[in-house]
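> Have a look at this fold, sequence not included:
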């Protein structure tokens with residue numbers, strides 16, 4: 001019985017939250033325009049809300065990264081990339097997770113953005129270089145990076161690549 005990796009799907013939690021917030025504001029705007037300005041203004045506001053929510057669905061809700069035994073599926077707002085493991089050369093984290101292919105293509109994964117400096121300031125990510133050595137090592141060992149999608153996605157892809165090269 002062959003033992004494989006568990007299939008993993010990564011999505012931007014922040015993107016989905018922003019899409020939901022925009023949907024709520026859109027519904028409130030339609031209700032507000034309908035009650036204060038009449039049904040025609042409400043209809044126009046509804047049309048604008050539908051267009052905005054559709055755009056946010058495409059740009060914030062739809063993107064995902066699927067890591068499977070047979071390869072990687074990257075669904076970006078306007079493109080989808082299916083990559084077999086033999087096509088993937090490396091993965092790196094800059095502004096977002098970037099997958100480098102054997103042909104030299106660089107595919108950015110919209111669903112796995114790098115953590116922000118705001119998250120750093122809130123203490124969600126540790127910078128060991130800003131602490132004395134003993135504190136940095138202790139805190140770095142205790143910190144759980146598994147909840148961060150950017151680190152988890154990078155680790156999963158790199159472990160697949162290491163096992164493929166063996």
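The structure has been received and is ready for your questions. Because the structure is predicted, anything quoted here is derived from the model rather than measured. Residues are numbered from 1 along each chain as shown.
> For residue 82, give me its contacts.
Contacts for residue 82 (Cβ atoms under 8 Å, 6 or more residues apart in numbering) come out as 71-73. Placement of C-beta: from N, CA and C, glycine included.
> Which helix or strand contains residue 54?
helix 39-56 (DSSP states H and E).
> Quick check: the closest residue to residue 111 other than its chain neighbours vs residue 24, distance?
Leaving aside its chain neighbours, residue 111 sits nearest to residue 63 (4.1 Å; criterion: Cβ to Cβ, 6 or more residues apart in numbering). According to Cβ to Cβ, to the nearest Å, residue 63 and residue 24 sit 21 Å apart.
> Contacts for the longest helix anywhere in the chain next, please.
The helix that spans the most residues within the chain, counting by DSSP state H, is helix 13-37. Contact with helix 13-37 is made by 41-42, 44-46, 49-50, 52-53, 56-57, 59-61, 63, 110-111, 113, 149, as judged by Cβ under 8 Å, 6+ apart.
> rerun that using 6 Å as the cut-off
Identification of contacts with helix 13-37 by Cβ atoms under 6 Å, 6 or more residues apart in numbering yields 41-42, 45-46, 49, 53, 56, 60-61.
> what sits opposite residue 66 in the beta ladder?
residue 9, residue 73 (DSSP bridges).
> Distance of it relative to residue 161?
Residue 66 is 16 Å from residue 161, by Cβ to Cβ.
> Equivalent analysis for residue 96, please.
Using Cβ to Cβ, we find residue 96 at a distance of 18 Å from residue 161.
> Comparing those two, which shows the higher neighbour count?
Set residue 96 next to residue 161 and count neighbours by other Cβ atoms under 10 Å: residue 96 wins out with 18 against 14.
> who does the strand ranked longest in the chain touch, helix- and strand-wise?
Looking across the chain with DSSP state E, the single longest strand is strand 106-113. Other elements packing on strand 106-113 under the criterion 3 or more Cβ pairs under 6 Å, 6 or more residues apart in numbering; DSSP states H and E are strand 64-67, strand 96-101, helix 149-165.
> which of the ones you listed sits most buried?
strand 64-67 (a mean of 20; mean count of other Cβ atoms under 10 Å).
> Who are the packing partners of that strand?
strand 8-10, strand 71-75, strand 106-113.
> contacts for it?
Defining contact as Cβ under 6 Å, 6+ apart, one finds that strand 64-67 is touched by 8-11, 73-75, 109, 111-112, 153, 156.
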